[in-house]
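Asker: Just need the structure, nothing else, for what follows:
(chains A and B)
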2 protein chains.
Amino acid sequence: MSGKRVGLNTVKLMSLPSIIASSSVGGKMEAAGPLSESFDYLSGDSYFGAKCWEGAESAMLKKCFEQALAKANMEKDALHYMLSGDLLNQCVASAFALKDSGVPFFGLFGACSTMAESLSLAAMLIDGGFADFTCALTSSHFCSAERQFRLPLSYGSQRTPSAQWTATAAGALILSSAGDGPYVSHITTGSIVDGGINDEANMGCAMAPAALETLCTHFDDTNRSPDYYDLIVTGDLGHIGHEILIDLAAKEGFDLEKNCQDCGMLLYDRNKQDVHAGGSGCGCSASVLAGHLLPKFKSGEIKKLLFAATGALMSPTTSLQGENVLGICHAVSIEAESPF
Amino acid sequence: MSGKRVGLNTVKLMSLPSIIASSSVGGKMEAAGPLSESFDYLSGDSYFGAKCWEGAESAMLKKCFEQALAKANMEKDALHYMLSGDLLNQCVASAFALKDSGVPFFGLFGACSTMAESLSLAAMLIDGGFADFTCALTSSHFCSAERQFRLPLSYGSQRTPSAQWTATAAGALILSSAGDGPYVSHITTGSIVDGGINDEANMGCAMAPAALETLCTHFDDTNRSPDYYDLIVTGDLGHIGHEILIDLAAKEGFDLEKNCQDCGMLLYDRNKQDVHAGGSGCGCSASVLAGHLLPKFKSGEIKKLLFAATGALMSPTTSLQGENVLGICHAVSIEAESPF
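Answerer: Numbering: from 1, shown residues only, chains lettered A, B, ... in the order given. Below you'll find the model as predicted:
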């Protein structure tokens, strides 16, 4: 058994890959929300200079990638790998955003858990000795998602109260084998969880059991309790899924009341914005992590963060066929100082 | 710079992760083809016991996974990671196939290059010290792909001569940190290549430039010439893409005439089967590698194999929007003995 493995499903990264730069981009709705100030760029419209929603999402992700490189003060040629995925069929937002980069590319699909998946693999590629610099990124776009997963925007269809609002946002992280942190110290990789929910308008409920399983596994594996962390942030359970997680965790003996938040609750102000159960989409947790949370390491406000992005694995086809909405959650421990 | 890096985009895996078992499953068309004998299981119909094409693809992939485990004589609990993806929107074939496994899951999207992507990451997770056992797998299904990417099957639409036939097939590999080989020795990860082709009925042509770039990079990085290998196998360029690759490679000074084949040409007999330009789909190169090629290591027929699966990154939406069909290719060097 490798010395990097801790408990059942967790690995520790003794070389401590460092997140040396992060960038986030958002749209109009995000500009009107409480985290507005945290974005590196906010588009005045939803098009980002493109002519269609899918092109807009690619343009947004490309801008985010270029900004992350600029903030790291490096050229794309220095990157050994980039890892990206998104919600669009065949992950085309990522492919077209990154087609001119020339950087070796691993395409991922983890639905809204993609930021945690790409960060996990980007950090492991460094810790495993395969790369000096990697980039983990992802995006989502309200308009491209809405018409693909639900109905054409122009129908103006009503959304149910349990529905979440797909963020028009992207996040990108540059990781390095050397740097002053924050560091990726532990990674707990989730398995697929079928919670028995088949209501695709209640994703938070469907994903909460996956978040529970991964968080409990992480605490067991690392012998840490939730209060080890300054903040545990899930994404994107939204208001309903978050409540369910807190309840389920209490039954397992873990108190998440104090220091657990959800990216889907942080990105919008639901009292002022019509987002129903909160934000969702790969870009939600990605932009909250990149723009809002990681800078708090510099200010010293956060020293230990558990980032646990959640994803709903389904398609409109499987939902029409009556299949359940499957959940997955990956947890990444990000720390200001070495815990080893 | 890490000692694992070789040249521009290649890494060497000094610990030599071993492919300890492989399994392949196919459908009716595959049963009628020249590699029929190489499959572990062939379905008499295209349903694999399910009620819809998407469910059939999941059932097929699940069967392939379980067979690989049985051939490795191990329980799924021993797997530290599984990596899978497919062509279906939101990669639901993989998600529903593996939802009951309980194994930590990384979802991938690499279109028809998925087997090379999952094999690359599965081998790197072992070589990096994160896992003792991993599983790399993928699938495609003619019927689920046809109705999603083209037209409902019952339309009986005519296909163009340059079109390829999406294989109804799956392949799964079990990798181990210990074993007698064959070993994964080098991995060259491709970047996205835009060859300027926007005809989605000519994927081979669109992917050939990506195959060229990755193969040339691999030869440059490793200081190997094509004749180092007993076989270089691309997948799935088909007959048209293969010819283009041979021509393009010759212009770059690499002679691929002698020992380069393509999985899309191997899986079917185009003189007897109506597959036009050959096979395609994630399951094509996956099943040819798992069922036809890897057993040749045991018989000694192959000692050095370069597996270079290719993928076309596009969606029906991007094609309707006039975007090009992007290509990607990852190359994995598989060897019977240590080259180090």
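
Asker: Report the contact partners of the residue of the stretch 1-150 of chain A found nearest chain B.
Answerer: Taking Cβ to the nearest Cβ, chain B has its nearest neighbour within the stretch 1-150 of chain A at residue A:128, 2.2 Å off. For every residue, glycine as well, the C-beta is placed using N, CA and C. Applying Cβ atoms under 8 Å, 6 or more residues apart in numbering or on different chains, we find residue A:128 in contact with B:4, B:124, B:125, B:127, B:128, B:129, B:130.

Asker: next one: residue A:19
Answerer: Each residue near residue A:19 by Cβ under 8 Å, 6+ apart is listed here: A:173, A:174, A:175, A:179, A:181, A:182, A:183, A:184, A:294, A:334.

Asker: Of these, which one scores lowest on pLDDT?
Answerer: The lowest pLDDT within the contacts of residue A:19 belongs to residue A:181, with 93.

Asker: Give me the sheet partners of the helix or strand encompassing residue A:175 and which way each runs.
Answerer: Assigned by DSSP states H and E, residue A:175 falls within strand A:169-176. Take DSSP bridges as the rule and strand A:169-176 pairs in its sheet with strand A:18-26 (antiparallel), strand A:133-140 (antiparallel).

Asker: Out of those, indicate the one that is most buried.
Answerer: Of all the strands paired with strand A:169-176, strand A:133-140 has the most neighbours on average by mean count of other Cβ atoms under 10 Å in any protein chain shown, namely a mean of 32.

Asker: give me the low-pLDDT residue ranges for chain A?
Answerer: Counting by pLDDT under 70, chain A has low-confidence residues at A:1-2.

Asker: I figured residue A:259 was touching residue A:226, is that so?
Answerer: Yes. In terms of Cβ atoms under 8 Å, residue A:259 counts as a neighbour of residue A:226; the distance is 6.5 Å.

Asker: any chance you could map the helices in the stretch 201-340 of chain A?
Answerer: Remark: helices assigned in the stretch 201-340 of chain A by DSSP state H, counting those that start in this stretch are A:203-222, A:238-251, A:263-266, A:282-287, A:295-299, A:316-320.

Asker: What lies in contact with the fifth one?
Answerer: Contact partners of helix A:295-299, identified using Cβ under 8 Å, 6+ apart, comprise A:22, A:38, A:181, A:182, A:302, A:303, A:305, A:334, A:336.

Asker: ok now that helix, how far from the chain's centre?
Answerer: Helix A:295-299 has its C-alpha centroid displaced from the chain centroid by 18 Å (Cα atoms, centre = their mean, to the nearest Å).

Asker: and if you look at the second one?
Answerer: Relative to the mean C-alpha coordinate of its chain, helix A:238-251 is positioned 18 Å out (Cα atoms, centre = their mean).

Asker: what's the angle between that helix and helix A:203-222?
Answerer: Direction vectors for helix A:238-251 and helix A:203-222, defined by axes from the mean of the first three to the mean of the last three Cα atoms, to 10 degrees, enclose an angle of 40 degrees.

Asker: which residues are contacting helix A:238-251?
Answerer: Under the criterion Cβ under 8 Å, 6+ apart, external residues in contact with helix A:238-251 comprise A:162, A:164, A:202-209, A:211-212, A:215-216, A:226, A:234, A:237, A:255-257, A:260-262, A:264-265, A:270, A:277-280, A:310.

Asker: what do you get for the last one?
Answerer: Taking contacts as Cβ under 8 Å, 6+ apart, the residues outside helix A:316-320 that touch it are A:148, A:149, A:198, A:200, A:325, B:54, B:88, B:89, B:92, B:96, B:148.

Asker: Max pairwise distance over those residues: which two?
Answerer: A:198 and B:148 (21.1 Å; Cβ to Cβ).

Asker: Can you pick out the residue with more neighbours from the two?
Answerer: Here residue A:198 and residue B:148 are set side by side on neighbour count (other Cβ atoms under 10 Å in any protein chain shown), and the busier one is residue B:148, at 21 against 15.

Asker: Spit out the contact partners of that one.
Answerer: For residue B:148, the contacting residues are A:317, B:87, B:88, B:89, B:316, taking Cβ under 8 Å, 6+ apart as the criterion.

Asker: Just give me the closest of these to residue B:101.
Answerer: residue B:88 (18.1 Å).

Asker: contacting residues for the closest one?
Answerer: Under the criterion of Cβ under 8 Å, 6+ apart, the contact list for residue B:88 reads A:315, A:317, B:54, B:57, B:144, B:145, B:148.

Asker: make it 7 Å
Answerer: When contacts are counted by Cβ atoms under 7 Å, 6 or more residues apart in numbering or on different chains, residue B:88 is found next to A:315, B:54, B:57, B:144, B:148.

Asker: How about residue A:91?
Answerer: When contacts are taken as Cβ under 7 Å, 6+ apart, residue A:91 is in contact with A:85, A:107, A:109, B:109.

Asker: go with 8 Å
Answerer: Contact criterion Cβ under 8 Å, 6+ apart gives A:84, A:85, A:107, A:108, A:109, B:109, B:313 as the residues in contact with residue A:91.

Asker: Of these, which belong to strands?
Answerer: Residues of the contacts of residue A:91 located in strands (DSSP state E): A:84, A:85, A:107, B:313.

Asker: Give the buried residues for the host helix or strand of residue A:115.
Answerer: Assigned by DSSP H and E, residue A:115 belongs to helix A:114-127. Going by neighbour count (16 or more other Cβ atoms under 10 Å in any protein chain shown), the buried part of helix A:114-127 is A:114-127.

Asker: Check stretch A:73-84 too.
Answerer: Of the residues in stretch A:73-84, those buried under the neighbour-count criterion (16+ other Cβ under 10 Å) are A:74, A:76, A:79, A:80, A:81, A:82, A:83, A:84.

Asker: go on, stretch A:225-234?
Answerer: For stretch A:225-234, using 16+ other Cβ under 10 Å, the buried residues are A:226, A:228, A:229, A:230, A:231, A:232, A:233, A:234.

Asker: what residues are up against the last one?
Answerer: In other words, residue A:234. For residue A:234, the set of contacting residues under the criterion of Cβ under 8 Å, 6+ apart consists of A:211, A:215, A:241-242, A:245, A:260-263, A:308-310, A:329.

Asker: repeat that for 10 Å
Answerer: A:116, A:204, A:207-208, A:210-212, A:214-215, A:241-242, A:245, A:256, A:260-265, A:285, A:306-310, A:329, A:331 (Cβ atoms under 10 Å, 6 or more residues apart in numbering or on different chains).
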